[in-house]
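In: Turn this into a structure:
(chains A and B)
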Amino acid sequence: MMNIVNKKLNKNQNLAMVIIGDRCVNCNACYVACKTDWEIPAIKEAYRTKVWEIESEDNEGKPTISFLPVLCNHCENAPCVTVCPTGASFKRDEDGIVLVNPDMCIGCKACMVACPYDARYYDEEKQSVDKCTFCLPRLSVGLDPACVDTCVGESRNFGDISDPDSSVAKLLKNATSISRLKEDKGTLPNVYYITINE
Amino acid sequence: MSRLNIDRRGFLKLASATGVAGVAGITGLPSPLKAASTKDQKSARFLKYDRGVLSPSFCEMCFWNCGVNVYTRNGKIHKLEGNRLNPNNKGHLCAKGNAGIQSTYDKDRIQSPLKRVGKRGEGKFKKISWDEAFELVHTKLNPLIQKYGPQTLATFMHGTGEPYIHALTKALGSPNITIPAYSQCLGSREMAWIFTFGTGVSGHETYDMANTKHMMIFGRNMAGAIQVREAEDFATGLASGAKLTYIDPRLSESCVNATDWLQINPGTDLALALGVINALIKDLLFDADFVTKYCYGFEELKKHIKQYTPQWASKKCGIDAKTIERIAWDFAKDAPNVVAIPARRMTRYGNDVQTVRAIAIINALVGNWGVPGGIWVRSSVPVKLPEYDEPKQPKTRRADGAGKGEKYPLAPVSLGRTNGIYEATLTQKPYPLKAWILYGTNPINHSSSGVNDIFKAIENLDLIIAIDTQFSDTVMYADIVLPESTYLERDDAPHVQKDKIPFIALRKAAIKPIYDTRGCFDICKGIAKKFEIDKWFENSPKKQIADLFKVLTKDQADTLSKDGVIKFENVDPYPRASGGELKFTTSTGKVQLSVPVLDDMYKKFGDDFSPIPIYKDPITLPKDSFRLLFGKTPFHSHARTQNNWVLLELQDDTPVWMHPTDAKKLGFKDGDMVNLINTQTGAKSDHSERLKVTKRIKQGSVFIHHGFGHRTKAWSRGYEKGTGDNYFISNGFDPLSGAGAFNNGFVKVVRA
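Out: Residues are numbered from 1 along each chain as shown, chains lettered A, B, ... in the order given. Have a look, this model is predicted:
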């Protein structure tokens, strides 16, 4: 399973989110904690993270549901960074966090189109595209990302997966399955979805 | 810097035609890699975070009092976070808890005391001072008390200020106190648990889901009707490999990891539970040691249960007999670290006390009391807390049939039957009810207000006084409005919780009231002064906090000041597992498989009062209609959260869930717009809803989410969002508890 985990690149840290699928209860506390902390515009389209409820049917035709928490994947090969004409979208060398510098954003929204995960929104007031920062400001004072901090099911876990002693590295090591969204896009996401039960 | 405004759709086409790299390539601007070399500057703005000033509190976006750390920057609340040390939430908040700020900084709030100047419901009010408001309460209420007696006043309460409204009502001399949490929510469940174990489940439920091996859940939506600690424990249990048998006509959020989802016929949970009991006894799967040592009435139960075989149960509840037997065997195999869980809002089919009795008996038979993964034993805070005198419950007969010698002799007079008060207000029987005081309650949108003809009932009132933070539908009908400060703006009495780990939590005002509002204590005291009964209001929340600190040791006081919470962990929630003796405070001192208190009532009133549950079929569906089921969404409490912009983003409508077979029969397809018609009253919903065609709901039933349908024009956001279930559900009663039975409401679904 470990072979899909991003190899440590030229970074001091490889920050990643590890989401335990079995634990999400679809409460969307993450959505509100994030919108509040970062004063995200009061419109439905503007959010950095949320939980989708996915309805389906099993082989016998019985209905099933599952929950999919989504956020920016802080990809190793981030198409939003590649496509950005001004360099406003960039990936930090030291920890892999993908950010948008609002002073450099010209609002062309190329990144929004390029992102396979629909992780970005346009903030009219800031006149800039905006997105999840893995709560870098909170990390800078030693706090967890807001969504991780409030996660009711303790589904979300955050840390440096290149450090084998980190809780996230251990979770990946002991997971019964690991997946990432849209692997076929070659983006090498840093958000992992795991199960911990057989 | 100039801004390009490029249409996202257009770009989508371009991107797919050339590939994303191509888009970057045509710009000719510096490459991203080069730009990244200035990363330190670019990141600078992201490398600071002002957490602000901390003040301790507990949440009131619903009623379960999670610990909250309130962070304030320059006098404005910036963020609410869970208090890690509070056992109610261990550092987490749900969506509602996180959204407390948006409710406090809401311009739609009630901003000053008001007097009605227009017609009732019109929303025309005049601003008045607090003293004018208190004087007006006296001028209007006193003549009614003189004319009709103090019992003409009924009060409704929900929230931290409840004790003050309770005291005010009693001091004024009225017995008609109602706490809707009893008769509109968990009253029947509590009664059944008390009959069986001598103690209730309590609002903070005592199921040890985090450590369980098997949860058998009868319609308690742990994820959707969210209470943070329970959702945490539920998730932890499942993640640790617990089995989940989830019994519900609807596939709710809680089914996501269910081992078995049993899509039961509505109203037949009792049959299933009896079938399980039958299997446990017949196949000798019960805990004989526990039963012998601690249970009363096993022989009677054994004899009684023979009739309720899994095969019999199967015909009633629609779950096949083999599955019932398998579930019973699975459950017993992991006993005693297993737990059977009834619904919380046990106001369903009118057989609710007996249904929960059967579920309680399942727990008793597997001997899970005081065992990890079963039901823990709560402890009280080991501190001699300050005690305060309260006025006595007036001896006058209640208007709602609760109390000794009345129609519902077992219903507690200190909680009352809210729906009975609506009925009494409508009929003005057994005596005139002319005044209501509402505290944080909203009868217009309460359960079964449609069948109760709530607007007619209101017409019979000469006076409605509302104490609330915001203009709910009913506040709009009030004659006098007394605005309460929100929980973030006020000190409150310490929160003391008897629990697995008992604790005390503090709530200190994080900010001064934004508007001309007051805490519930000050409001009640202001009214009491005018009636010269303010001797009951000498202990303000501030004084209660100070009094508490006087009885704590220095270490305890320091901990509480520093952490906002103090836990008392030197307790044993698992006395049976640790070899201790269990105590039960029932009349027999044992776990009552049969309830002796009911022996006489059974003889007098028949099967409904049987000391051991007797099955009765649910009310059958009228032709061409659907049973209306309703339940919580994780994103809203009730009116309290329905004008909150961030929660409305998560949900602002109530799609009508219908099974594909039913939809096909009616010629509906997913996404069609429909209205509901109440088959009893003929009332049609005033709002069309999207039809959600899904197998997640049992054929013959439709489902909508609860808490929507507000028509208060004072709300700029929550106005006309969704349909209120309250206009379509039934007004039955459980004969034992006198609490409501709301799931016998039937509707027709018509094209909008």
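In: From now on I want contacts and neighbour counts done on CA atoms only, so please keep to that.
Out: OK.
In: As a check, name the ranges of all strands in chain A.
Out: A:15-20, A:49-57, A:63-71, A:89-91, A:98-100, A:121-123, A:128-130, A:156-160, A:177-179, A:191-195 (DSSP state E).
In: can the ones you listed go into a markdown table with extra columns for mean neighbour count, distance to chain B and mean pLDDT?
Out: Putting these into a markdown table (neighbours: other C-alpha atoms under 10 Å in any protein chain shown; distance: least, C-alpha to the nearest C-alpha, whole Å; pLDDT from 0 to 100) gives the following:
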| stretch | mean neighbour count | distance to chain B | mean pLDDT |
| --- | --- | --- | --- |
| strand A:15-20 | 25 | 9 | 97 |
| strand A:49-57 | 15 | 9 | 96 |
| strand A:63-71 | 19 | 6 | 97 |
| strand A:89-91 | 27 | 6 | 97 |
| strand A:98-100 | 24 | 8 | 97 |
| strand A:121-123 | 19 | 11 | 97 |
| strand A:128-130 | 23 | 9 | 98 |
| strand A:156-160 | 21 | 12 | 97 |
| strand A:177-179 | 19 | 13 | 96 |
| strand A:191-195 | 22 | 9 | 97 |
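In: Rebuild those as TSV, extending it with distance to residue B:709.
Out: Converted to TSV, the strands of chain A look like this (distance: least, C-alpha to C-alpha, whole Å):
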stretch	distance to residue B:709
strand A:15-20	35
strand A:49-57	23
strand A:63-71	26
strand A:89-91	43
strand A:98-100	40
strand A:121-123	31
strand A:128-130	34
strand A:156-160	34
strand A:177-179	41
strand A:191-195	37
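In: quick one, which of the ones you listed is nearest to residue A:144?
Out: strand A:156-160 (7.4 Å; C-alpha to C-alpha).
In: Which pLDDT value does the model give the spatially closest residue to residue B:370 that is not a sequence neighbour?
Out: Excluding the flanking residues, the one nearest residue B:370 by C-alpha to C-alpha, 6 or more residues apart in numbering or on different chains is residue B:574, at 4.1 Å. pLDDT recorded at residue B:574 is 98.
In: contacts for the helix or strand containing residue B:277?
Out: Remark: residue B:277 resides in helix B:269-282, with elements defined by DSSP states H and E. Residues outside helix B:269-282 that contact it (C-alpha atoms under 8 Å, 6 or more residues apart in numbering or on different chains) are B:218, B:285-286, B:302, B:305-306, B:308-314, B:316-317, B:319, B:324-325, B:327-329, B:332, B:354-356, B:358-359, B:361-362, B:365, B:615.
In: Please repeat the previous calculation with a cut-off of 7 Å.
Out: B:286, B:302, B:305-306, B:308-310, B:313, B:316-317, B:324-325, B:328, B:355, B:358-359, B:362, B:615 (C-alpha atoms under 7 Å, 6 or more residues apart in numbering or on different chains).
In: what does stretch B:246-253 give?
Out: Applying C-alpha under 7 Å, 6+ apart, the contact partners of stretch B:246-253 are B:216-219, B:221, B:223-224, B:255, B:258, B:260-266, B:696-698.
In: quick one: the helices in the stretch 601-750 of chain B?
Out: B:645-650, B:660-666 (DSSP state H, counting those that start in this stretch).
In: Please disregard the earlier target; I meant chain A.
Out: For chain A, the helices defined by DSSP state H cover A:29-37, A:79-83, A:110-114, A:136-140, A:146-150, A:167-174.
In: Looking at the stretch 51-200 of chain B, what residue ends up closest to chain A?
Out: Proximity of the stretch 51-200 of chain B to chain A (C-alpha to the nearest C-alpha) peaks at residue B:95, 3.7 Å away.
In: Please name the residues that touch that residue.
Out: Counting by C-alpha under 7 Å, 6+ apart, residue B:95 has contacts A:27-29, A:32, B:635.
In: how about a cut-off of 6 Å?
Out: Residue B:95 is in contact with A:28-29, A:32, counting by C-alpha atoms under 6 Å, 6 or more residues apart in numbering or on different chains.
In: Please tabulate those in a markdown table, including the columns distance to chain B, pLDDT and neighbour count.
Out: Formatted as a markdown table, the contacts of residue B:95 follow (distance: C-alpha to the nearest C-alpha, whole Å; pLDDT from 0 to 100; neighbours: other C-alpha atoms under 10 Å in any protein chain shown):
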| residue | distance to chain B | pLDDT | neighbour count |
| --- | --- | --- | --- |
| A:28 | 6 | 98 | 27 |
| A:29 | 4 | 98 | 30 |
| A:32 | 6 | 98 | 30 |
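In: Skip ahead from the helix or strand where residue B:115 lies and say which helix or strand is next.
Out: For residue B:115, the host element (DSSP H and E) is strand B:114-116. Using DSSP H and E, the helix or strand that follows strand B:114-116 towards the C-terminus is strand B:125-127.
In: Can you name the next helix or strand after the longest helix along chain B?
Out: Looking across chain B with DSSP H, the single longest helix is helix B:130-148. Toward the C-terminus, helix B:130-148 is succeeded by strand B:153-157 as the next helix or strand (DSSP H and E).
In: could you check the angle helix B:130-148 makes with that following strand?
Out: Per axes from the mean of the first three to the mean of the last three C-alpha atoms, to 10 degrees, the angle that strand B:153-157 makes with helix B:130-148 is 130 degrees.
In: thinking again about what came up before, roughly how far out does the strand holding residue B:115 sit from the chain middle?
Out: Relative to its chain's centre, strand B:114-116 lies at 30 Å (C-alpha atoms, centre = their mean, to the nearest Å).
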